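Peer 1: requesting a structural model of the entry that follows:
(4 chains)
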Amino acid sequence: MKIKLLYFGRPRENLRLSQENAELPLNTATVADLLGWLRRRGPDWAAEMTENRVRCAINQELGTPASPLRDGDEVAIFSPISGG
Amino acid sequence: MKIKLLYFGRPRENLRLSQENAELPLNTATVADLLGWLRRRGPDWAAEMTENRVRCAINQELGTPASPLRDGDEVAIFSPISGG
Amino acid sequence: MSASIQTADFDLATELASLRSGRAQVGALVSFVGLVRDFSDAEKIESIYLEHYPGMSERALEQIIDEASRRWKLLGVRVIHRVGELHPHDQIVLVATASSHRADAFAACEFIIDYLKTSAPFWKREQTAQGAKWLDTKESDLQRSARWNHQGAKK
Amino acid sequence: MSASIQTADFDLATELASLRSGRAQVGALVSFVGLVRDFSDAEKIESIYLEHYPGMSERALEQIIDEASRRWKLLGVRVIHRVGELHPHDQIVLVATASSHRADAFAACEFIIDYLKTSAPFWKREQTAQGAKWLDTKESDLQRSARWNHQGAKK
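Peer 2: Residues are numbered from 1 along each chain as shown, chains lettered A, B, ... in the order given. From the prediction side, this is the model:
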């Protein structure tokens, strides 16, 4: 399954990455699974990609860790919203 | 008892009177008594000076028909407030 | 914290600029502007005439601002009420509040206009093709004003 | 009904004039302006940096405006959110609502800014002498936003 990943706010800055195209393993069914997969990239990723620290949007709609993922999705991972 | 009487809004216009100094009879203890006394001035006054149609202020604070009157008071009689 | 009663129009941008001026703790500015509408109960409004009780009207606005300042944390308040003859589209009234946080600025702004409508001595006479009439206090304004009797203790 | 995301500053008077323009039924204009404060948690703010999610941020603002228009009777809405580097005293965000009656204008303005704070994808990084930090959603903003879940059905 291929998705487009976008990063904003704290994770974008700390991981020095704004976007990437990712090929996910077959068992990555939800945003929680995606975060688990990202945490295995190393200590920086393990520190950032916890369900406490990040929020997400799937195809430009706010999601939760339980949100399902589908091939072709645009998934954004970001620190809690703080505009206005 | 002498008071200063002011009129605003509908009664000012309908009675063609903005202010007057009035000498009230001894038994005029409240705003309700004052309105009763004013109604005896004639049909125009009887029509305007009903507790339904007018509101009042005593010394520039909103009052009610039950508000007591004292010598030297500034009493304003007006249609319901409608600013803003 | 200041109130003005005037026949002249006002400029919202100027008023808000002076409300913020020199107060870098201001994080929220809320303003309400009331305008003369063109229709009232299906009758086309030609003009309105606004009358006030000189002396009491200034005092009533100051009392309302003082009460708002006791209930909420405000850094500035500006109230302007116009009097005299006005026409559709004209500005009638401005209430602007400045605070560190928007909860205080919103609540105080709404409180001030709600109380102004029911307790400050201003009167409106509407002129339509059918003639002139003095408006009554709106029932909805009495209800909105009453909401605040048990609300908004100072945080 | 329109939303803009821009680095440029905005002029409230111009925005409100265009919101009223040609709409003589407008009786109430309510506006909220959010400003950069000089202090945050006792630390002096040097600047803030505002980031957004292009595409989603425009869409989120439009969805919030649509929802407000379903809940209240509105004649116009204008939302502007600035992005990029800003400094104390700078304007960050404008929410302005126009309606025949002030109850609708006030409720919609407050609803829009409350929802914007918790559901529109904008992020603030604060720069102080102690360094930079990304702000979290405020607990008070989450609570204010949640208040609207069962409020404000269309009248």
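Peer 1: give the helix, strand or coil label for the closest residue to A:P25 other than its chain neighbours.
Peer 2: Nearest residue to A:P25, sequence neighbours excluded (Cβ to Cβ, 6 or more residues apart in numbering or on different chains): A:W37, at 6.5 Å. Every residue, glycine included, has its C-beta placed from N, CA and C. Here A:W37 is helix, with the state taken from DSSP: H, G, I helix; E, B strand; the rest coil.
Peer 1: ok and the residue in chain C nearest chain A?
Peer 2: Closest residue of chain C to chain A, Cβ to the nearest Cβ: C:R102 (8.8 Å).
Peer 1: right, and that residue touches D:V33 too?
Peer 2: No - under the criterion of Cβ atoms under 8 Å, C:R102 makes no contact with D:V33, lying 9.7 Å away.
Peer 1: who does C:R125 form a beta bridge with?
Peer 2: C:Y49, C:W134 (DSSP bridges).
Peer 1: can you give me the helices in chain A?
Peer 2: For chain A, helices defined by DSSP state H occupy the ranges A:10-15, A:31-39, A:43-48.
Peer 1: for those, which one sits closest to D:Q6?
Peer 2: helix A:10-15 (20.9 Å; Cβ to Cβ).
Peer 1: tell me the residues that contact both of C:R102 and D:V33, please.
Peer 2: C:A28 (Cβ atoms under 8 Å, 6 or more residues apart in numbering or on different chains).
Peer 1: excluding residues flanking it in the chain, which one is nearest the residue of chain A at minimum distance from chain D?
Peer 2: With Cβ to the nearest Cβ as the measure, A:G83 is the residue of chain A nearest to chain D, at 2.4 Å. Excluding the flanking residues, the one nearest A:G83 by Cβ to Cβ, 6+ apart is D:F122, at 2.4 Å.
Peer 1: give me phi/psi at that neighbour?
Peer 2: Taking degrees, to the nearest 10, you get phi -130, psi 150 for the backbone angles of D:F122.
Peer 1: show me what contacts it?
Peer 2: Listed by Cβ under 8 Å, 6+ apart, the contact partners of D:F122 are A:I81, A:S82, A:G83, A:G84, D:L50, D:E51, D:H52, D:S57, D:H81, D:V83, D:L116.
Peer 1: closest one of these to D:A42?
Peer 2: For these, the nearest to D:A42 is A:S82 (18.8 Å; Cβ to Cβ).
Peer 1: just give the number of residues close to the nearest residue to the closest one once chain neighbours are set aside.
Peer 2: Leaving aside its chain neighbours, A:S82 sits nearest to D:L135 (4.0 Å; criterion: Cβ to Cβ, 6+ apart). Counted with other Cβ atoms under 10 Å in any protein chain shown, the neighbours of D:L135 add up to 18.
Peer 1: touching, D:L135 and D:K117? I think so.
Peer 2: No - no contact is recorded between D:L135 and D:K117 when judged using Cβ under 8 Å, the distance being 10.9 Å.
Peer 1: who touches both of these two?
Peer 2: A:S82.
Peer 1: how about the helix or strand that contains C:A103: buried residues?
Peer 2: According to DSSP states H and E, C:A103 maps onto helix C:102-119. Neighbour counts over helix C:102-119 (16 or more other Cβ atoms under 10 Å in any protein chain shown) mark C:102-119 as buried.
Peer 1: among these, which ones lie close to chain D?
Peer 2: Applying Cβ under 8 Å from any Cβ of the partner chain, the subset of the buried residues of helix C:102-119 adjacent to chain D comprises C:R102, C:A103, C:A105, C:F106, C:C109, C:E110, C:I113.
Peer 1: how much space between the second one and D:S99?
Peer 2: It stands for C:A103. C:A103 sits at a distance of 21 Å from D:S99 (criterion: Cβ to Cβ, to the nearest Å).
Peer 1: so which bits of chain C are right by chain B?
Peer 2: So chain C meets chain B at C:34, C:50-53, C:55-56, C:59-60, C:81, C:92-93, C:113, C:116-125, C:134-138, C:141 (Cβ under 8 Å from any Cβ).
Peer 1: picking that back up, what sits against the residue nearest to A:P25?
Peer 2: Per Cβ under 8 Å, 6+ apart, neighbours of A:W37: A:L24, A:P25, A:T28.
Peer 1: redo those residues as TSV? Include pLDDT and neighbour count.
Peer 2: Output for these, formatted as TSV (pLDDT from 0 to 100; neighbours: other Cβ atoms under 10 Å in any protein chain shown):
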residue	pLDDT	neighbour count
A:L24	97	19
A:P25	95	9
A:T28	96	19
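Peer 1: among those, which ones are in strands?
Peer 2: Among these, no residue falls in strands (DSSP state E).
Peer 1: between the helices of chain A, which one is closest to D:D66.
Peer 2: helix A:31-39 (25.7 Å).
Peer 1: next, count neighbours for the residue in chain A that chain C sits nearest to.
Peer 2: At 8.8 Å from chain C, A:G84 is the closest residue in chain A, using Cβ to the nearest Cβ. Residue crowding around A:G84 was assessed by other Cβ under 10 Å; the count is 23.
Peer 1: same thing with C:L12?
Peer 2: 20.
Peer 1: pretty sure A:F78 sits against D:D136.
Peer 2: No - contact status for A:F78 versus D:D136: not in contact, 11.7 Å apart, counting by Cβ under 8 Å.
Peer 1: give me the low-pLDDT residue ranges for the chain?
Peer 2: Using chain A here. Applying pLDDT under 70 to chain A picks out no residues at all.
Peer 1: my bad, the chain I had in mind was chain C
Peer 2: In chain C, residues with pLDDT under 70: C:151-155.
Peer 1: buried ones in the top strand by length along chain A?
Peer 2: Identified as the longest strand of chain A according to DSSP E is strand A:2-8. Buried residues in strand A:2-8, counted by 16+ other Cβ under 10 Å: A:I3, A:L5, A:L6, A:Y7, A:F8.
Peer 1: and what of stretch C:20-31?
Peer 2: Residues of stretch C:20-31 classed as buried: C:R20, C:A24, C:V26, C:G27, C:A28, C:L29, C:V30, C:S31 (neighbour count, 16+ other Cβ under 10 Å).
Peer 1: keep only those residues that also lie close to chain D.
Peer 2: C:R20, C:A24, C:V26, C:G27, C:A28, C:L29, C:V30, C:S31.
Peer 1: these: which two are farthest apart?
Peer 2: Maximum distance among those (Cβ to Cβ): 19.3 Å, for C:A24 and C:S31.
Peer 1: and the gap between the residue in chain C sticking out farthest from the centre and B:R10?
Peer 2: Largest separation from the mean C-alpha position in chain C: C:Q130, at 28.3 Å (Cα atoms, centre = their mean). Per Cβ to Cβ, C:Q130 is found 16 Å from B:R10.
Peer 1: closest to D:I5 out of the ones next to chain D among the buried residues of helix C:102-119?
Peer 2: C:R102 (19.9 Å).
Peer 1: quick one: contacts for that closest one?
Peer 2: Residues near C:R102 by Cβ under 8 Å, 6+ apart: C:G27, C:A28, C:V30, D:F32, D:G34, D:E110, D:I113.
Peer 1: likewise C:W134?
Peer 2: B:G9, B:R10, B:E13, B:S79, B:S82, C:W123, C:K124, C:R125.
Peer 1: which residue sits closest to the second one, ignoring its sequence neighbours?
Peer 2: Think B:R10. Closest to B:R10 by Cβ to Cβ, 6+ apart is B:S79, at 3.7 Å.
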